[in-house]
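# Mind folding the following:
(chains A, B and C)
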Amino acid sequence: MATLESSAVPLHAHHDDLSFIRKYIFATDHKIIGLQFLFATLIFLLIGGVMALMIRWQLGFPGEAMPGVGVINPKFYNALVTMHGTFMIFFAIMPLLVGTFGNFLIPLKIGAPDMAFPRLNMMSFWLFVVSGIVMTASLFVEGGAAGAGWTVYAPLSAVPQYTGVSLGQQLWIISIVFFGGSSLLGSVNYITTVINMRAPGMTLFRMPLSIWGLFVTAIIALLAVPILAAAIIMLLFDQTIGTTFFLPAGGGQPLLWQHLFWFFGHPEVYILILPAMGIVSDIIANGSRKPVFGYHSMVLAIIAIAFLGWIVWGHHMFQSGMNPLLGTSFMISTMAIAIPSAIKVFNWLGTMWRGNLWFHTPMLWAVGFVSLFTVGGLSGIFMASNSVDVFIHDTYFIVAHIHYVLFGGSLFAIFAALYFWFPKMFGRCMNENWGRIHFALTFTFYNLTFFPMHLLGMGGHMRRIYDPTAYEFLQPLQPMNKFITVSAFLLFMAQIPFVINFFWSLFAGEKAELNRWRDNGLEWTVPSPAPHGNFTVTPTVYRGPYEFSSPEVEEDFLPQDVPPDGGRERAPETVGR
Amino acid sequence: MESAEQKQQPRYYFIWFLLLVLTMVEVGVAYLSHLPRTLLILVLVGLAIWKATLVAMYYMHLKFERLRVILLATAPIPLAIILVLGVLLEYAQ
Amino acid sequence: MKEAIAMPGGVHAEPGMRIYNQKLGMWVFLASEVMFFTGLIGAYIILRFGAGDWALPGIPLEEGGTPLAINLTAFNTFMLICSSVTMVKAFAAIEHGDQRGLRLFLLGTVVLGAAFVGIQIFEYIKLTHEGFLPACSAELAEIVPNCGLFGSTFYVMTGFHGAHVSIGVFCMIWVTVKAFRGAYTKENHGGVEVIGLYWHFVDLVWILLFTIVYLI
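This is a model prediction of the structure:
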């Protein structure tokens, strides 16, 4: 409450004389917090990636010693599978999209001086750090890290004897509770900021789609994460003080855990993809030099996906033995999500159609996003069907699906966004050629890694098994497993150009001009990097964010804050009340 | 902040009295264990919702807010109902 | 709060909810609190549905009655409702610039809230002595159906509610101290309104909990 009490920052705050600690460590400036999230999450992304390699090594070459790591024993393998999912979802993708770009972009793009509650924003970041430290520490405690999967299904997770992990699992839960607190503070901040702090003229339907994506995501996170918090606290009590919420022995219901988890978990999936969709819409419009095709339908599709996301959670549980009546309704609602998703894909294609395409690096990643997300979306429809899911549930098909959506989808969008806003973040540009090389290599090895997983799944390869060669029917698939492993290592190496490019550009990259990509957003009207307080004068917004190739002006872009030129101005609008 | 003149002062003490009476009625109803359970549950839940609505409308001033604030405040309720009813369907045969 | 801004070209921008940030933030936060308690209360409803037999109020303990003390808790509910009315009277007082009313009613709210927490702690001590716990004592487990499940859900729901009240009391003390220092005026009393929203919400949750856990 303490921070709620304080008044918002003054509109034109000049805090440039702050000490180093206030400016870069306990920062309240949304841009600095965004960068803090960026650097923290890139570390977690690396950890998660290394874990993925260890998993792949074990699957490709079971029982052989991995160079530098040694033989991976079954218990450690369980921990790897669990922690890879946890780190990637909670500590890499979600904070990269929501923490980094949410913080960095929202105030800049809506013309606000900062977030509504800068100090809550700081607390949100530091809670995230605490949560990350606890999670990382759980890797090194006695008994090893949590091994019940990132979905922590009870009773496997609720009884320490089942996985042989007790402290690790408890630290996992505590870490996620902190994470929930961080996410909650962030959501409250984003929602309040977007609702109340838009610049004059920035009506809801003039907001860039990236802000729409982040805004709707914040609403989902606000309402979904508390359910997870409630559920894992009950799980913690089951583990420690002898309650029996999810333990059948004491009258509890294991299925209740799955319901609660997926009631959070499915909206979580959209937390991970909606901001990516928004960011990609921005970049595709920029790269096509055309307005986004069907802006309003894009917004409505985001809202529709967000709403439908609440009534589909049961499709994760088709094989759990739940009531068949529920199964059918969840199947129908899940398939309905294909409609807004398809609207978005077609609109992206419509935006590019006959555009004056400019394949800068961010655009390459954005187009990569569209193609890979489409594959992931289509494989999702297979699993949405109750009866098909009997066959492919918990196989490598789902592993392929989730990686097409979260790696090919979210992470590609994150790379697109990084290349796109890097100049605004650091005042220097990343190298375009190395960016293209990074994209080409990643796209190639990405597909070589994850596409064969569909086939493995159809062959019946189970999702979290330790040693595929132990099953006779999987032995013919082992060459494919080896192929995937080699591809995965190459995919990891393909990130080296990015890391070098990133750090080299940070210090020695070409100086960025004001508007690197000739874009319309308000963030391109402020210096790179933008000062504390963002705008010297509160900008006034006159039009939507995608006025590219407008006949009104000579350049092929028309920034949102340029006043209309008298004669050809459009009729006054009163949208977005 | 809205100025005080714009809105009528709600009758806070009257609401308080109503809440107390409803609470007493609730406790009284709970002791009528010879009545059918379903009826008891319906009456008790109805009374509880009535009381909760009174608090939200008058003490939290929702009655005097704009529609958009009311929508914001009530937005999670459908989700809560979806979750509980959805899972309760587990028991429907 | 932002006012409607007349724009060049006749465009009117009306960003936002027309309420100030702190109040909007509190409402948004309360929306997430609704979901948190939905998780806890929903789990209770679902588990109880699945369990079948449950301890009921209005009958003796030996015949399957509830081990909870209804009359004591009804009195506690009364305290919390009273604290809500003092809270809202404090807000009404400062709306008219009545500093004395604000301070007295805030003090009353703090005292009533603390009393609620105190009575709840007393109730917990009494129940644990009687063996009513997530892991029930053997003799209680004999007579209370699904005693362990009842204990689990009871303590997690009322415990988290109690934690919310306790946090509320600490915040209320802080607001009261500020009120005594004259921090709130007729024009500027957002802090009182925002803590009030939280306080009433916690009261509202208790109204539902009391019925669902104790009376049904």
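
# What residue in chain A comes nearest to chain C?
Distances between chain A and chain C by CB to the nearest CB are smallest at residue A:230, namely 2.7 Å. (C-beta placed from N, C-alpha, C; glycine too.)

# which residue sits closest to that residue, ignoring its sequence neighbours?
Using CB to CB, 6 or more residues apart in numbering or on different chains and skipping the chain neighbours, the partner closest in space to residue A:230 is residue C:39 (2.7 Å).

# How about residue A:369?
Nearest non-adjacent residue to residue A:369 (CB to CB, 6+ apart): residue A:412, at 4.3 Å.

# Tell me the helix or strand right after the helix or strand encompassing the one you found.
Using DSSP states H and E, residue A:412 falls within helix A:412-426. Past helix A:412-426, further along toward the C-terminus, the next helix or strand under DSSP H and E is helix A:432-458.

# helices and strands around that next one, which ones?
On a contact count with 3 or more CB pairs under 8 Å, 6 or more residues apart in numbering or on different chains; DSSP states H and E, helix A:432-458 meets helix A:361-384, helix A:396-405, helix A:412-426, helix A:478-493, helix A:496-508.

# Need those helices in TSV (columns: mean pLDDT, mean neighbour count and distance to residue A:58).
Converted to TSV, these look like this (pLDDT from 0 to 100; neighbours: other CB atoms under 10 Å in any protein chain shown; distance: least, CB to CB, whole Å):
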stretch	mean pLDDT	mean neighbour count	distance to residue A:58
helix A:361-384	95	22	24
helix A:396-405	96	23	14
helix A:412-426	96	26	26
helix A:478-493	97	18	9
helix A:496-508	95	15	23
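
# JSON lines for those helices, including distance to residue B:41?
JSON lines is the format used below for those (distance: least, CB to CB, whole Å):
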{"stretch": "helix A:361-384", "distance to residue B:41": "37"}
{"stretch": "helix A:396-405", "distance to residue B:41": "41"}
{"stretch": "helix A:412-426", "distance to residue B:41": "49"}
{"stretch": "helix A:478-493", "distance to residue B:41": "56"}
{"stretch": "helix A:496-508", "distance to residue B:41": "60"}
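
# where do the helices sit along chain B?
Taking DSSP state H as the criterion, chain B contains helices spanning B:12-30, B:37-54, B:67-74, B:76-88.

# Kindly reformat the ones you listed as CSV and extend each row with distance to chain A, mean pLDDT and mean neighbour count.
Formatted as CSV, the helices of chain B follow (distance: least, CB to the nearest CB, whole Å; pLDDT from 0 to 100; neighbours: other CB atoms under 10 Å in any protein chain shown):
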stretch, distance to chain A, mean pLDDT, mean neighbour count
helix B:12-30, 23, 93, 17
helix B:37-54, 19, 93, 16
helix B:67-74, 9, 90, 15
helix B:76-88, 5, 93, 18
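
# can I get the ones you listed in CSV with distance to chain C?
What follows is those, written out as CSV (distance: least, CB to the nearest CB, whole Å):
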stretch, distance to chain C
helix B:12-30, 4
helix B:37-54, 4
helix B:67-74, 6
helix B:76-88, 4
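
# so can I have CSV of those showing distance to residue A:552?
Shown next, in CSV, are those (distance: least, CB to CB, whole Å):
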stretch, distance to residue A:552
helix B:12-30, 57
helix B:37-54, 53
helix B:67-74, 34
helix B:76-88, 44
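
# Relative to chain A, which residue of chain C is the closest?
For chain C, CB to the nearest CB, closest residue to chain A: residue C:39, 2.7 Å.

# check contacts around that residue.
Residue C:39 is in contact with A:226-227, A:229-231, A:260, counting by CB atoms under 8 Å, 6 or more residues apart in numbering or on different chains.

# Quickly find the element holding the closest residue to chain B within the stretch 251-400 of chain A.
Using CB to the nearest CB, the single residue of the stretch 251-400 of chain A nearest to chain B is residue A:259, 4.6 Å away. Secondary structure from DSSP H and E places residue A:259 in helix A:254-288.

# and the direction of the helix or strand that comes right after that helix versus that of helix B:76-88, what angle?
Remark: after helix A:254-288, the chain's next helix or strand is helix A:295-308, criterion DSSP H and E. Calculated by axes from the mean of the first three to the mean of the last three CA atoms, to 10 degrees, helix A:295-308 forms an angle of 50 degrees with helix B:76-88.

# returning to that earlier point: ok, which of the helices of chain B comes nearest residue A:218?
Closest of the helices of chain B to residue A:218 is helix B:67-74, at 13.0 Å (criterion: CB to CB).

# From the contact counts, what lies against the closest one?
For helix B:67-74, the elements it packs on are helix C:21-51, judged by 3+ CB pairs under 8 Å, 6+ apart.

# Could you tell me how far the helix it packs on lies from the centre of the chain?
12 Å (CA atoms, centre = their mean, to the nearest Å).

# Now do the buried residues in that helix.
For helix C:21-51, burial by neighbour count (16 or more other CB atoms under 10 Å in any protein chain shown) applies to C:21-48, C:50-51.

# State whether residue B:25 and residue B:47 are indeed in contact, as I suppose.
Yes - the pair residue B:25 and residue B:47 passes the contact test of CB atoms under 8 Å, sitting 6.4 Å apart.

# Give me the neighbour count for residue A:174.
Residue A:174 has 18 neighbours, counted by other CB atoms under 10 Å in any protein chain shown.

# And it, which helix or strand is it part of?
Using DSSP H and E, residue A:174 falls in helix A:167-196.

# That helix and chain C in contact?
Yes - applying CB under 8 Å from any CB of the partner chain, one finds helix A:167-196 in contact with chain C at A:184, A:187-189, A:191-192, A:195-196.

# now do stretch A:325-333
No - shown here: stretch A:325-333 not in contact with chain C (CB under 8 Å from any CB), separated by at least 13.2 Å.

# Go through that stretch and flag the buried ones.
Neighbour counts using 16+ other CB under 10 Å place A:326-327, A:329-331, A:333 of stretch A:325-333 among the buried residues.

# Quick one: closest of the helices of chain B to residue A:243.
Across the helices of chain B, closest to residue A:243 is helix B:76-88 (CB to CB), at 18.6 Å.

# what does stretch C:127-134 rub up against?
A:237, A:241-244, C:67-68, C:137-140, C:144, C:147-148, C:150-152, C:154-155.

# which among those residues end up buried?
Neighbour-count burial (16+ other CB under 10 Å) is assigned, among the contacts of stretch C:127-134, to A:237, A:242-244, C:67-68, C:140, C:144, C:147-148, C:150-152, C:154-155.

# now stretch A:295-306, how far from the centre of its chain.
With CA atoms, centre = their mean as the basis, stretch A:295-306 stands 18 Å off its chain's centre.

# got the buried residues for that stretch?
By neighbour count on 16+ other CB under 10 Å, the buried set for stretch A:295-306 is A:295, A:297-299, A:301-302, A:304-306.

# how about residue A:51, what does it touch?
Contacts for residue A:51 (CB under 8 Å, 6+ apart) come out as A:80, A:83-84, A:87.

# Go again with 6 Å.
Residue A:51 sits next to A:80, A:83-84 when contact means CB atoms under 6 Å, 6 or more residues apart in numbering or on different chains.

# Just the pLDDT for it.
pLDDT recorded at residue A:51 is 96.

# That one is in what secondary structure piece?
Remark: residue A:51 resides in helix A:30-60, with elements defined by DSSP H and E.

# Next, the angle from that helix to helix A:167-196.
Angular relation of helix A:30-60 and helix A:167-196 on a 0 to 180 degree scale: 140 degrees, by the same axes, to 10 degrees.

# in the following helix or strand past helix A:30-60, what's buried?
Next in sequence after helix A:30-60, counting helices and strands by DSSP H and E, comes helix A:74-86. Within helix A:74-86, the residues that count as buried by 16+ other CB under 10 Å are A:75-86.
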